[in-house]
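J.: quick one, what's the 3D model for this:
(2 chains)
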Number of protein chains: 2
Amino acid sequence: MADIVLRAAPLTVQAFAPFGDVIETEGRSWRWINEGTSQRFDDLAQIDVLEGQGRPLMSIFRASAQSVPFRVCALERHPLSSQSFYPLDARPFLVIVAESGSTPIAARVHAFLSSGQQGVNYRRNTWHHSLVALQQTSNFLVIDRAGPQENCEEIALDGDRILVTTG
Amino acid sequence: MADIVLRAAPLTVQAFAPFGDVIETEGRSWRWINEGTSQRFDDLAQIDVLEGQGRPLMSIFRASAQSVPFRVCALERHPLSSQSFYPLDARPFLVIVAESGSTPIAARVHAFLSSGQQGVNYRRNTWHHSLVALQQTSNFLVIDRAGPQENCEEIALDGDRILVTTG
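T.: Numbers count the residues shown, from 1 in each chain, chains lettered A, B, ... in the order given. Model (predicted):
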């Protein structure tokens, strides 16, 4: 049993690629639509709901603020769908994920910090922490899945003390 | 040819029911999730992408601000999908729709004002105006559809001068 301290890295497309999509406009291509009154930044997240087994579900999560260092006690994953989160209050939040692999999961955890102008879309079956708001209670628009089968697996990380910092 | 002046009404679930969903937390039921760290306001919009004919598409629209009175020159509808808009900058925006029917469409136009804490989801085949931001350039998270078939019909409203006010 050891302390593992992770400093949350800036959330970038490249660093987050193994885990899913970064939903943002910064640096992305766009086109004019609606007679030149809007810019469209298209196709920012791969919404993945296995066809015929469920439907995409839109919800709002209101997350209370957590303090840092933040202790990671468990992760979850959704075998039947992606899950996306977009911040509605423009506040930074923590994005904690784990690579797939066969080594102990504690050694595979990564932490990122959203700028508050960035959402994330966890790819189907990607281990991730539940929503971790910072600073204040914050709202997020969430797209995941409704359907008959169970779509959440959880794993406890109680062997090591994993602490995420933002500083 | 006549002037029709419409004052945008407050956006409420009841008034907007013929056209689609109001995406909001106010007055909605919720449940605790994630060990009591988040409230989940579930299933706020019926995302309707005809199965097997396309996929749900997530985009961000950046809309320049329009002035009021706002003239309605055209409406559009999407025969193959719903289309949802959620404001990311918490600013009011105009929601302009038309009932289905056989009378001249100009007489069937309705206008609503989102508080800025409310999104909308236009039901499949519902006539609506493209995004009308107010005050400042504003971002919106949009869920519609990607697929091979054409999914936009447009109708010009040039017989009458339809003006929408917010005052």
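J.: need the three-state assignment for the spatially most central residue of chain A.
T.: Nearest to the mean C-alpha position of chain A, by C-alpha atoms, centre = their mean, lies A:V120 at 4.5 Å. When classified by DSSP: H, G, I helix; E, B strand; the rest coil, A:V120 comes out as strand.
J.: that one and A:F85 touch, don't they?
T.: Yes - between A:V120 and A:F85 there is a contact under C-beta atoms under 8 Å: 5.7 Å. In this view, the C-beta of every residue, glycine as well, is placed from N, C-alpha and C.
J.: number of residues surrounding the residue lying closest to the residue nearest to the centre of chain A once chain neighbours are set aside?
T.: In space, and not counting its chain neighbours, A:V120 is closest to A:V95: 5.3 Å by C-beta to C-beta, 6 or more residues apart in numbering or on different chains. Other residues near A:V95 come to 27 when the count uses other C-beta atoms under 10 Å in any protein chain shown.
J.: got it, and A:E24?
T.: Counted with other C-beta under 10 Å, A:E24 comes out at 20.
J.: from memory A:L75 sits against A:A106, does it?
T.: No - between A:L75 and A:A106 there is no contact under C-beta under 8 Å: 9.9 Å.
J.: tell me which of the two has more neighbours.
T.: The residue with more neighbours, out of A:L75 and A:A106, is A:L75; 23 against 18, by other C-beta under 10 Å.
J.: now name the helix or strand holding the closest residue to A:P92 other than its chain neighbours.
T.: Take A:P92 and drop its neighbours on the chain: the residue closest to it by C-beta to C-beta, 6+ apart is A:G116, 4.8 Å away. Assigned by DSSP states H and E, A:G116 falls within no helix or strand.
J.: enumerate every residue touching A:G116.
T.: A:P87, A:D89, A:A90, A:R91, A:P92, A:F93 (C-beta atoms under 8 Å, 6 or more residues apart in numbering or on different chains).
J.: ditto for A:L57
T.: By C-beta under 8 Å, 6+ apart, the residues touching A:L57 are A:I143, A:D144, A:R145, A:A146, B:D42, B:D43, B:I47.
J.: state the distance from A:P18 to A:R77.
T.: 14 Å (C-beta to C-beta, to the nearest Å).
J.: more crowded one of these two?
T.: A:R77 (20 against 12).
J.: that one against A:H129, yeah?
T.: No - taking contacts as C-beta under 8 Å, A:R77 lies outside contact range of A:H129: 10.6 Å.
J.: tell me the pLDDT at A:M1?
T.: Looking at A:M1, its pLDDT is 61.
J.: the nearest residue to A:H78 once chain neighbours are set aside: what's it in contact with?
T.: Among residues not flanking A:H78 along the chain, A:N151 sits closest, at 4.9 Å (C-beta to C-beta, 6+ apart). Contacts of A:N151 were listed using C-beta under 8 Å, 6+ apart, and they are A:G54, A:H78, A:P79, A:L80, A:S81, A:D144, A:R145.
J.: can I have the buried ones of those residues as a PyMOL selection?
T.: Isolation of the buried members of these (16 or more other C-beta atoms under 10 Å in any protein chain shown) is achieved in PyMOL through the command below:
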select buried, chain A and resi 54+78+80+81+144+145
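J.: which of the contacts of A:N151 has the weakest pLDDT?
T.: A:G54 (91).
J.: and the gap between the closest residue to A:A106 other than its chain neighbours and A:L6?
T.: Leaving aside its sequence neighbours, A:A106 sits nearest to A:D160 (C-beta to C-beta, 6+ apart; 4.3 Å). Distance of A:D160 to A:L6, given as C-beta to C-beta: 11 Å.
J.: follow-up on the earlier one: most surrounded residue in the contacts of A:G116?
T.: A:F93 (27 neighbours).
J.: thought that residue was touching A:P87?
T.: Yes - using C-beta under 8 Å, A:F93 is in contact with A:P87, at 6.1 Å.
J.: what touches both of these two?
T.: A:S114, A:G116, A:S138, A:F140.
J.: out of those residues, flag the one nearest to chain B.
T.: Chain B lies nearest to A:F140 out of the shared contacts of A:F93 and A:P87, by C-beta to the nearest C-beta, at 8.5 Å.
J.: so what sits opposite that closest one in the bridge?
T.: A:F140 forms beta bridges with A:F61, A:P87, as assigned by DSSP bridges.
J.: contacting residues for it?
T.: So A:F140 contacts A:I60, A:F61, A:R62, A:A63, A:F85, A:Y86, A:P87, A:L88, A:F93, A:G119, A:L131, A:A133 (C-beta under 8 Å, 6+ apart).
J.: can you name the residues that contact the fifth one?
T.: For A:F85, the contacting residues are A:F61, A:F93, A:G119, A:V120, A:N121, A:L131, A:F140, A:L141, A:V142, taking C-beta under 8 Å, 6+ apart as the criterion.
J.: roughly how far does A:D21 sit from chain B?
T.: 9 Å (C-beta to the nearest C-beta, to the nearest Å).
J.: sorry, that was for A:L75
T.: Distance from A:L75 to chain B, by C-beta to the nearest C-beta: 12 Å.
J.: for the residue nearest to A:H78, give me the pLDDT.
T.: Looking at A:N151, the pLDDT reads 95.
J.: sec struct for it, please.
T.: Relying on three-state DSSP, one would call A:N151 coil.
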